[in-house]
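Peer 1: model the structure of this input:
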Amino acid sequence: MKINFSVLFFLKKPKNYTKGAVYFIFLRITVDGIRAEMSTSRNCEPDRWNAKVGKVIGTKEDVKTLNAYLENMKAEVYAAHSQLNADGTAITADNVKCKFLGKAEKTHTIMEAIKIHNTNMAALVEKEDYAEGTLRRFKVLEKHVKEYLLFKYQTSDLNIRHIDHEFIDGFDFYLHTSKDNDTNTASKHLKNLGKIVRICLRNKWIITDPFFGYKLKSKLVQREYLTADELQNIAGKKYSTARLSQVRDFFLFSCYTGLSYADVQKLKQTDIRIGIDGEKWLFSYRKKTGTPVAVPLIPIAADILERYKDHPFCANQNRALPISSNQKMNEYLVEIAALSGIVKTLGNRIAKRTFATTVTLLNGVPIESVSKMMGHTNIRTTQLYAKMLDEKVASDMAPLREMFAVV
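Peer 2: Purely as a prediction, here's the structure:
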């Protein structure tokens, strides 16, 4: 990116100017329209100053000496500019001035950047602009980067300008080896680090993006979902305790609506209203993205809500379902899976995938409608679910097979 840089000398009238007094000679540095000025500690009579070339008019020895001094000063300013450029430092008028004067410029570090980001995000988590889980991932990044700096550089911090492809490659290798991260987990950490670096770029702590041209690696993951038979096994199982039945109902509700744990937890009874077709709909928004969602309730989901409408917690708190903590939910779901003969790990993610696959796509619901109900801002996210479905491919191809069947 080209930066407009210029240096010129000009005269400045003293504050307590008296007629016939000399003017001070000042130097002005301009970078992209932003100025920084300083005195040259020299002066000149106004009528002896050539403003066009920024020099004193005359041929006497004292005039030649002054002009030589100004030229040398200008050359040193240009040298300071070149040194900043070579160091990869942001070129600003103040930075060039500080470099010329020999003043220490403020530097920023990678750990400083991560800590500022995490502090700001923690405040936004309190306002529910971010999920607690997102903050946890950046805290893990902070821990990994700190340990990597000690391991690789024997230091607790590093100038942000020293982050380059070599640092990124080394951190990637460290995550795979020392932290035993798989490819996708390591790439998520690198992606989060990239966000920190781009914030530094916007703040002009660095002038180039070290992630530019760096390709993050990923591997295709087999995402599990429940089949119709597995759903039926869970729904039809009789549990000995009320707590397991309650958690089972919550899980099934997520499977039949596509809502996340956080979305179901905040769901109010008033969010269930009559939709455009005269049937019950669920109107809410995704806590993670703020995207509004409207989901027609199929009978199974509606029956679950009806079952708990008079529950004391739901009645007192205006909640649609009585929800335990996420940790407790996951503990109970382990029991439910074992009792129901399910070998897959039950949880919120598999519930959402089940809604997108077994409940909707496999039953002919168009992918555009599924995307809208799940609150996806990009249909490509929903297409990830569609790729999982060999059954859908088989049913789509069945008419074609019949067409080309040998008679």
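Peer 1: care to break this structure down by domain?
Peer 2: 5-101, 110-202, 228-400 (automatic domain parsing).
Peer 1: is it possible to get a markdown table of those domains that adds mean pLDDT, mean neighbour count and distance to Asp209?
Peer 2: C-beta coordinates here come from the backbone N, C-alpha and C atoms, glycine included. Compiled in a markdown table, these are given as follows (pLDDT from 0 to 100; neighbours: other Cβ atoms under 10 Å; distance: least, Cβ to Cβ, whole Å):
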| stretch | mean pLDDT | mean neighbour count | distance to Asp209 |
| --- | --- | --- | --- |
| domain 5-101 | 90 | 14 | 12 |
| domain 110-202 | 92 | 15 | 5 |
| domain 228-400 | 84 | 16 | 23 |
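Peer 1: in CSV: those domains, plus distance to Tyr214.
Peer 2: Below are the domains of the chain laid out as CSV (distance: least, Cβ to Cβ, whole Å):
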stretch, distance to Tyr214
domain 5-101, 17
domain 110-202, 6
domain 228-400, 22
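Peer 1: my read is Ser39 is in a strand, agree?
Peer 2: Yes - using DSSP: H, G, I helix; E, B strand; the rest coil, the assignment for Ser39 is a strand.
Peer 1: wouldn't it be in contact with Pro14 here?
Peer 2: No - the criterion here is Cβ atoms under 8 Å, and Ser39 misses it with Pro14 at 11.2 Å.
Peer 1: any residues in contact with both of the two?
Peer 2: Common contacts of Ser39 and Pro14 (Cβ atoms under 8 Å, 6 or more residues apart in numbering): Phe24.
Peer 1: tell me the spacing between the residue sitting furthest away from the middle of the chain and Asn67.
Peer 2: Relative to the centre of the chain, and counting by Cα atoms, centre = their mean, the farthest-placed residue is Lys60 at 64.5 Å. According to Cβ to Cβ, to the nearest Å, Lys60 stands 11 Å off from Asn67.
Peer 1: so who does Glu132 touch?
Peer 2: Here Glu132 is in contact with Val125 (Cβ under 8 Å, 6+ apart).
Peer 1: quick check: it vs Asp157, distance?
Peer 2: Using Cβ to Cβ, we find Glu132 at a distance of 27 Å from Asp157.
Peer 1: what ranges do the helices span in the stretch 101-250 of the chain?
Peer 2: Here the stretch 101-250 of the chain has its helices, by DSSP state H, counting those that start in this stretch, at 110-126, 132-153, 165-177, 183-202, 228-236, 242-257.
Peer 1: okay if I get those helices as CSV plus distance to Thr291?
Peer 2: Conversion of those to CSV gives the following (distance: least, Cβ to Cβ, whole Å):
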stretch, distance to Thr291
helix 110-126, 18
helix 132-153, 16
helix 165-177, 31
helix 183-202, 21
helix 228-236, 26
helix 242-257, 15
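Peer 1: nearest to Ala93, of those?
Peer 2: Ala93 lies closest to helix 183-202 among the helices of the stretch 101-250 of the chain, at 19.0 Å (Cβ to Cβ).
Peer 1: tilt between the closest one and helix 132-153?
Peer 2: Between helix 183-202 and helix 132-153, the angle comes out at 90 degrees (axes from the mean of the first three to the mean of the last three Cα atoms, to 10 degrees).
Peer 1: coming back round to it: to Ala302, which of the helices of the stretch 101-250 of the chain lies closest?
Peer 2: Taking Cβ to Cβ, helix 242-257 is the member of the helices of the stretch 101-250 of the chain nearest to Ala302, at 9.2 Å.
Peer 1: list the helices and strands that closest one packs on?
Peer 2: When contacts are defined as 3 or more Cβ pairs under 8 Å, 6 or more residues apart in numbering; DSSP states H and E, helix 242-257 packs onto helix 228-236, helix 261-265, helix 299-308, helix 326-339, helix 348-354.
Peer 1: can you list contacts of it?
Peer 2: By Cβ under 8 Å, 6+ apart, helix 242-257 touches 226, 231, 234-235, 237, 239, 259-261, 264, 282, 295, 297-298, 300-301, 304-305, 307-308, 321-324, 329, 332-333, 335-336, 339, 346, 348, 351-352, 354-355, 358-359.
Peer 1: okay, that helix in PDB with CA atoms only?
Peer 2: In PDB, the C-alpha atoms belonging to helix 242-257 read as follows (Å, rounded to 0.1, in the frame of the first residue of the first chain):
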ATOM      1  CA  ALA A 242     -38.200 -38.000  36.700                       C
ATOM      2  CA  ARG A 243     -34.900 -36.200  36.100                       C
ATOM      3  CA  LEU A 244     -33.900 -38.600  33.200                       C
ATOM      4  CA  SER A 245     -37.400 -38.300  31.600                       C
ATOM      5  CA  GLN A 246     -37.100 -34.500  31.900                       C
ATOM      6  CA  VAL A 247     -33.600 -34.400  30.200                       C
ATOM      7  CA  ARG A 248     -34.800 -36.900  27.600                       C
ATOM      8  CA  ASP A 249     -37.700 -34.500  26.700                       C
ATOM      9  CA  PHE A 250     -35.400 -31.500  26.500                       C
ATOM     10  CA  PHE A 251     -33.100 -33.500  24.200                       C
ATOM     11  CA  LEU A 252     -36.000 -34.600  22.000                       C
ATOM     12  CA  PHE A 253     -37.300 -31.100  21.800                       C
ATOM     13  CA  SER A 254     -33.900 -29.900  20.400                       C
ATOM     14  CA  CYS A 255     -34.000 -32.800  17.900                       C
ATOM     15  CA  TYR A 256     -37.500 -31.800  16.700                       C
ATOM     16  CA  THR A 257     -36.800 -28.000  16.600                       C
END
